[in-house]
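Trainee: Got a predicted structure plus its sequence, pasted below:
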Amino acid sequence: MLQSMRSSAKYVFWIIAITFVGGFLLVETSGLLGRAAVTPGTTVASVDGRDVTFAEWQAAIQNATQQEQARLGRGLTADEQQAVEDAAFEQLVNDVLVERELERRGITVTTEEIQQAAQSSPPAQLLQAPELQTEGRFDMEKYRRFLTSPAARQQGILVALEQYYRREIPRLKLYDRIANGVYLSDARLWRVWQDQHDSAQVSYVSFSADTVADSVVTASDAEIRSYYDAHRREYRRQGRAVVSLVTLPRVVTAEDSAAARARAVQLRQEILGGAAFDEVARRESSDSVSAAQGGFLGRGTLESLNFVPEFTAGVRGLAAGQVSEPVQTSFGYHLIKVDERKGDTLALRHILVPIGQSDSSAVRTDRQADDMARVLANSDGSVPFDSIARARGLAVTQHEVTQGSSLIAGDRNVPDVSAWAFSGARPGETSDLISADDGYYIARLDSVRRGGEQRLEDVRTEVRAAVLRRKKIERLTPVAAQLAQAASASTLEAAAQARNYLLNQTPTFVRVSGVPGLGVANRAIGAAFGLPVGAVSAPVPTEEAVVVLRVDRRVPADSAAWAAQKPAQRQQLTQAIRQQRITQFMDALRQSADVEDKRDAVRAASRGVDVEGG
C-alpha cells in the first residue's frame, strides 16, 4: 500500500498544499506582471487597513480554480473562471476579518490539538483520495499508516497538514462559540412543524395598486430619499451589460453525422474484438466526466437515472455485458454497455462520439472567423462593427448579459462574453475571437452598469414607483374597509357581487408557501391562519394590493406525525440554526468592515488603460 501511496504522493500533496503555494506560480504566469504597475505586492483590496496583495489574490484564485476543475473534471470557461475569482476574493476578505476576530478573542491552537486532529479528522479532500479507500469507503487505518510513512514526510504533506489545522482549528473554535447554546424547545419545534403543515383555504377580494393611476398620487424628494435609505440593501444589483454579437456557426452536415456514426461503429468493433470498454471510454469518449471513470454513468433505475428518451430507448432490451449499436441523441452517438442488471436496477457505461464538422468544413469556418477577427483588430474604428460583419454576410444581434451568468442568445449558451464584458472592457470595445463547440463569436460592448449597491440617482425610478405603490394602497384601504363592513352584515359573496368585485378562492396552502394572488409570508398569509374559520378580515395590505379575505377552511397539523419525527427535526433544525448564526455573524463582520476593492484598478493597470476607463 505504501508503494502505491508513494507513487501518488504528489497528487495527494497538491490536494492539500495548493492552498499555500499554487498562487505564486500563477503570479508569474498570469500575464499581468510586467505590464504597467502590477507587481506581486500590488494591493488589490484593503480590509480595515490590512492590505491584500496581488500575490495573495492569485494564490486564492489558483486554489479555487484547481478545486473547481477537479469537481467538474474539465477546464473552466471564462465565465466560470470569473465566478471562481469573485468567490476567491470574497473568501480572502472573510479570511482577513476572521483573523482579526481570532486575535481580538485570543483564540489559538496548541500542538496537541493539531496532532489529535490530524489523527482523527482528515481534511475533506483526503476523504476522497482513491489511495485511502477500501471497497469505496475512506479507510482511517490506511490514512494513519500513511501519516507515519516516509512519503508523507518527504513530500511535505505533514507540514501542509500542520498549516491546514493551524488555520482551521481556531476558526472552528470561533464558529463553535458563535453557534453554541442553540436549544430548541418542543414548543418551538411544534411551531415550525405547524408552519409547514397547518393548511388553509380562503376567499378574497384584491384591490390592486395597479388600478390607481400615477397621476393621483405624488412622491416628494424627501419621501423618495427616506424610502431609499430604509431599503438601500434591496437595491443591490448584479452588473448588467448590453453587447452586440456576431455569430459564425459551425454548420454540421449529413456527411458529418455519417462520419460520427462510422467512428462509433469502428469503436464498437474494437470492443467486440477484445478491447476493454472502460479503456476505450477513457481514450475516446467526449463525455469527460464519465470518461474519467471508464464511461460509468451510475447505478439505478432508468427513471432515477433520468436520461434523454433516445438514450433510455437504447438501453431497453440490452442484456448485461452487451454493447449497443450506436444510439443517436442530441449529444451525438453513444455506445452503451449494461454492466449488470438486478431487477429494475442497472449499472451503465457509455462512450460518446459527438457530431462535429468535417475537417474541410471546419477549415472554412476557421478562416472566416480569423478574417473577421483580423479586420476588426486592424480597424481604427472608422468602419462600424456592424458594417464589417454585414459585409461578410453575418448578422449582428444585441443582447443583455448579467454579471456572473453566461450570455444566452436564443437557444445558444455563449461562453466568455460575460466575463469579458465585466473584466474592464469599455463601451465600444470589441472582444477577441471566442471559440465554442457550436461556433465562433465576437462581441462589442455597447454599455455596462457595474453591480453592487446602487446610488439613488441610478434607481430613482424604481424607488419612486415603490413609494407611489404604497400611497396607492393607502388610497384603496378605505374602499376595502367599506367592502369588509358590508360583508360583516351579509356575506363576502353578496358584498362583492353588489359592488361588481371579483371574488377569488385560493387552493389549499401552508404558511410557508407562496399563494397566487396573495403573495408569500405577508400579512395576508398571517391573517389566513389567525382569523377564525368563517370570519372576514379587515383590509390587509400587501406589497402589491390591499385584500379583504375570509377563511373558508383550515386543517391543523398532525401532532402524532410530528412526535414521530421530532428527534430528526431537532437535529436538522439545530444544525441549520447554528449555520445561520455563523452566516449572520460573518455578514455582520462584513457590513461593519471598511473594505476597499481595488480589483478594477489593478485590471485597468494591467491592461495599460486609465482606471476610469477600466
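Mentor: Nice, thanks for sending it over.

Trainee: quick one: residue 184 from residue 193, how far?
Mentor: In this structure, residue 184 and residue 193 are 12 Å apart, going by CB to CB, to the nearest Å. To be clear about C-beta, it is placed using only N, CA and C from the backbone, and glycine gets the same treatment.

Trainee: Of those two, give the one with the bigger neighbour count.
Mentor: When residue 184 and residue 193 are compared on other CB atoms under 10 Å, the one with more neighbours turns out to be residue 193, at 20 against 15.

Trainee: Spatially nearest residue to that one, not counting backbone neighbours?
Mentor: In space, not counting the residues next to it along the chain, residue 193 is nearest to residue 562; the distance is 4.5 Å by CB to CB, 6 or more residues apart in numbering.

Trainee: How many neighbouring residues does the one you found have?
Mentor: Burial measure for residue 562: 18 neighbouring residues, criterion other CB under 10 Å.

Trainee: what helix or strand does it sit in?
Mentor: When elements are defined using DSSP states H and E, residue 562 is found to belong to helix 559-592.

Trainee: on that earlier part again, for the residue nearest to residue 193, which residues are in contact?
Mentor: For residue 562, the contacting residues are 189, 190, 193, 197, 569, taking CB atoms under 8 Å, 6 or more residues apart in numbering as the criterion.

Trainee: Quick check: the gap between it and residue 191.
Mentor: When distances are taken as CB to CB, residue 562 and residue 191 turn out to be 11 Å apart.

Trainee: Give me the neighbour count for residue 423.
Mentor: 16.

Trainee: wait, I meant residue 427
Mentor: Residue 427 has 13 neighbours, counted by other CB under 10 Å.

Trainee: Please state the offset of stretch 582-589 from the chain centre?
Mentor: In terms of CA atoms, centre = their mean, to the nearest Å, the centre of stretch 582-589 is found 20 Å from the chain centre.

Trainee: For it, give the mean pLDDT please.
Mentor: Here the mean pLDDT over stretch 582-589 is 92, rounded to a whole number.

Trainee: ranges for the helices of the stretch 451-600 of the chain?
Mentor: With DSSP state H, counting those that start in this stretch, the ranges of helices along the stretch 451-600 of the chain come out as 456-489, 492-498, 523-530, 559-592, 599-607.

Trainee: still on that earlier bit, and which of the contacts of residue 562 is nearest residue 82?
Mentor: Nearest to residue 82 among these, counting by CB to CB, is residue 569 at 39.8 Å.

Trainee: contacting residues for the closest one?
Mentor: Residues counted as contacts of residue 569 (CB under 8 Å, 6+ apart) are 189, 192, 193, 562.

Trainee: 7 Å - rerun?
Mentor: 189, 193 (CB atoms under 7 Å, 6 or more residues apart in numbering).

Trainee: before we move on, what about residue 586?
Mentor: Residue 586 makes contacts with residue 94, as judged by CB under 7 Å, 6+ apart.

Trainee: what's the spacing between it and residue 179?
Mentor: Here the criterion is CB to CB. By it, residue 586 lies 12 Å from residue 179.

Trainee: what does residue 368 give?
Mentor: Taking CB to CB as the measure, residue 368 and residue 179 are separated by 59 Å.

Trainee: Break this structure down into its structural domains.
Mentor: Under the assignment named as automatic domain parsing, the residue ranges that make up the domains of the chain are 2-180+596-607, 199-237+456-555, 254-353, 371-450.

Trainee: How are the strands of the stretch 101-250 of the chain distributed by residue range?
Mentor: Counting by DSSP state E, counting those that start in this stretch, the stretch 101-250 of the chain forms strands over residues 133-134, 137-138, 199-208, 236-237, 240-249, given from the N-terminal end onward.

Trainee: Now distance to residue 163, mean pLDDT and mean neighbour count too, for those strands, in JSON lines please.
Mentor: Compiled in JSON lines, the strands of the stretch 101-250 of the chain are given as follows (distance: least, CB to CB, whole Å; pLDDT from 0 to 100; neighbours: other CB atoms under 10 Å):
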{"stretch": "strand 133-134", "distance to residue 163": "25", "mean pLDDT": "86", "mean neighbour count": "12"}
{"stretch": "strand 137-138", "distance to residue 163": "22", "mean pLDDT": "86", "mean neighbour count": "12"}
{"stretch": "strand 199-208", "distance to residue 163": "54", "mean pLDDT": "97", "mean neighbour count": "21"}
{"stretch": "strand 236-237", "distance to residue 163": "36", "mean pLDDT": "84", "mean neighbour count": "13"}
{"stretch": "strand 240-249", "distance to residue 163": "40", "mean pLDDT": "90", "mean neighbour count": "20"}
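
Trainee: Quick one, which of those gets closest to residue 553.
Mentor: Across those (criterion: CB to CB), the nearest stretch is strand 199-208, sitting at 4.5 Å.
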